[in-house]
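**Student:** This is a predicted model, with the sequence first.
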Amino acid sequence: MIFPFTAIVGQEEMKLGLILNVIDPTIGGLLITGEKGTGKSTAVRALAELLPEMEVVKGCRFNCDPSSEGLCTDCQGRVERGEALEAERRKMRVVELPLGATEDRVVGTLDVEHAIKHGEKRFEPGILADANRNFLYVDEVNLLEDHIVDLLLDAAAMGVNYVEREGVSFVHPARFILVGTMNPEEGELRPQLLDRFGLSVRVQAIRDKALRAEILRRRQEFDLDPEGFSKRWRPQQEELSRRITEAKGRLAAIRVPDEILERIVTLTSQLNVDGHRADIVILKAARALSAFRGKEEVEPEEVRDAARLSLGHRLKRLPFEEMGAERERMEELLSSL
């Protein structure tokens, strides 16, 4: 049994960051930083119960989207033979990438001997195959080995996983929602990977005594009777799942006034944020947030909330500047939006 998502006390920003990525998977994932024991892993794993279903090619091992042109080698071969691709519904998942995973475990392996003897490709899918159109969760992401980070960066940039051995190749889509958790005391994250995360949040231990006591009560109840505890929280789980599904349905209809675009670019230009990825992420997160709140168009409130989630890991710190100075500058700009 997994601790219910809605039973987690506090940490609202972290929960919201995860929810927004369910509503719009193109936001780019979430990086969660914080000290040990603050519910980071619990929240990510609990998210699995709330995930909606998606339409995939029936029988496909790689969750190929029947409405997309980016198909795996197997599905593409069926199309070229004139076969119709049937669709089925499959629930999204949270796929975990362990720190000690080998390159073959991540990208998959090709049986070259089988291909030579029988003239057909035999591909053993890896973690990237399981993660396609799902959440890919990496605990202690800052401790990943560099060559595994390079594989993730390549797949995230291209949206495909290409495996070739001895002239035999296999391709499948690899569009995953990357979620990483880390304790900054154990080391920093490579800048290239840091920039790949759409959103980021910092979590801290709750200091309020009443809330800390409530955490103890809920944890004790769950440990003593996981099934009964989950049953008591089922109405809240179902309500949140319904809200997420409805938000996904209305996302495309959310209007974005030109005034909102102006506010976003004014903010990012004044903060001297590199590139344009931050602007795009703020816009996507604000649209998803508006859909989640039941609105018909993005308003300044959504821009402010989305910016806090989108800019935290992209702010520049000047030499000899205090760690929180750049955040204070951002908050001053947000208050004027």
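**Tutor:** Structure's in. What do you need?

**Student:** got the contact list for residue 17?
**Tutor:** Residues near residue 17 by CB atoms under 8 Å, 6 or more residues apart in numbering: 30, 32, 199, 200, 201, 309. Backbone N, C-alpha and C define where each C-beta goes, glycine included.

**Student:** Look up which helix or strand it falls in, please.
**Tutor:** In this assignment (DSSP states H and E), residue 17 forms part of helix 12-23.

**Student:** Can you name the next helix or strand after that helix?
**Tutor:** Downstream of helix 12-23, the next assigned helix or strand under DSSP H and E is strand 30-34.

**Student:** For the next helix or strand after that following strand, which helices and strands make contact with it?
**Tutor:** As assigned by DSSP H and E, the chain's next helix or strand after strand 30-34 is helix 40-46. Judged by 3 or more CB pairs under 8 Å, 6 or more residues apart in numbering; DSSP states H and E, helix 40-46 is in contact with helix 12-23, strand 30-34, strand 135-139, strand 177-182.

**Student:** How about residues contacting the last one?
**Tutor:** Outside of strand 177-182, the residues that reach it under the criterion CB under 8 Å, 6+ apart are 18, 21, 25, 27-34, 40-41, 44, 94, 134-143, 152, 156, 189, 196-197.

**Student:** Drop anything exposed from those residues.
**Tutor:** 18, 21, 25, 27-34, 40-41, 44, 94, 134-142, 152, 156, 189, 196-197 (16 or more other CB atoms under 10 Å).

**Student:** Residue 194 against residue 31, yeah?
**Tutor:** Yes - taking CB atoms under 8 Å as the definition, residue 194 is a contact partner of residue 31 at 7.2 Å.

**Student:** Name the residues contacting each of these two.
**Tutor:** Contact criterion CB under 8 Å, 6+ apart; residues bridging residue 194 and residue 31 by contacting each: residue 313.

**Student:** now the nearest residue to residue 181 once chain neighbours are set aside: how far from residue 256?
**Tutor:** Distances taken as CB to CB, 6 or more residues apart in numbering place residue 40 nearest to residue 181, at 4.1 Å, with adjacent residues excluded. To residue 256, residue 40 is 32 Å away according to CB to CB, to the nearest Å.

**Student:** picking up where we left off before, could you identify the pair within the contacts of residue 17 that is furthest apart?
**Tutor:** Farthest pair in the contacts of residue 17 (CB to CB) is 32 and 309. Separation: 11.1 Å.

**Student:** picking that back up, got the angle for the helix holding residue 17 vs strand 135-139?
**Tutor:** Interaxial angle of helix 12-23 relative to strand 135-139 (axes from the mean of the first three to the mean of the last three CA atoms, to 10 degrees): 150 degrees.

**Student:** For the protein, give me the ranges with low pLDDT.
**Tutor:** By pLDDT under 70, the low-scoring segments of the chain are 111-121, 166-168, 316-324.

**Student:** How is it partitioned into domains?
**Tutor:** As assigned by automatic domain parsing, the chain contains the domains 5-52+92-203, 251-330.

**Student:** Take those and write them to a markdown table, including distance to residue 84.
**Tutor:** Converted to a markdown table, these look like this (distance: least, CB to CB, whole Å):
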| stretch | distance to residue 84 |
| --- | --- |
| domain 5-52+92-203 | 19 |
| domain 251-330 | 27 |
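
**Student:** what's the closest of these to residue 211?
**Tutor:** Nearest to residue 211, of the domains of the chain and by CB to CB, is domain 5-52+92-203 at 5.6 Å.

**Student:** Show the end-to-end separation of that closest one, please.
**Tutor:** End-to-end distance of domain 5-52+92-203 (CA to CA, to the nearest Å): 16 Å.

**Student:** Equivalent analysis for stretch 164-176, please.
**Tutor:** Taking CA to CA, the span from the opening residue of stretch 164-176 to its closing residue is 21 Å.

**Student:** in it, what's buried?
**Tutor:** Neighbour counts over stretch 164-176 (16+ other CB under 10 Å) mark 168, 170, 171, 172, 173, 174, 175, 176 as buried.

**Student:** same deal with stretch 301-316?
**Tutor:** Buried residues in stretch 301-316, counted by 16+ other CB under 10 Å: 302-314.

**Student:** Let me see the residues that make contact with it.
**Tutor:** Residues external to stretch 301-316 that are found in contact with it (CB under 8 Å, 6+ apart): 13, 16-17, 20, 31, 194-195, 197-202, 260, 263-264, 267-268, 271-274, 278, 281-283, 285-287, 289-290, 293, 295, 326-327, 330, 334, 337.

**Student:** do stretch 67-85 as well
**Tutor:** Applying CB under 8 Å, 6+ apart, the contact partners of stretch 67-85 are 55, 57-58, 60-62, 64, 66, 121, 123, 159-160, 169-173, 175.

**Student:** Can you point out the buried residues in it?
**Tutor:** Counting neighbours by 16+ other CB under 10 Å, one finds that the buried residues in stretch 67-85 are 70, 71, 72, 74, 75, 76, 78, 85.
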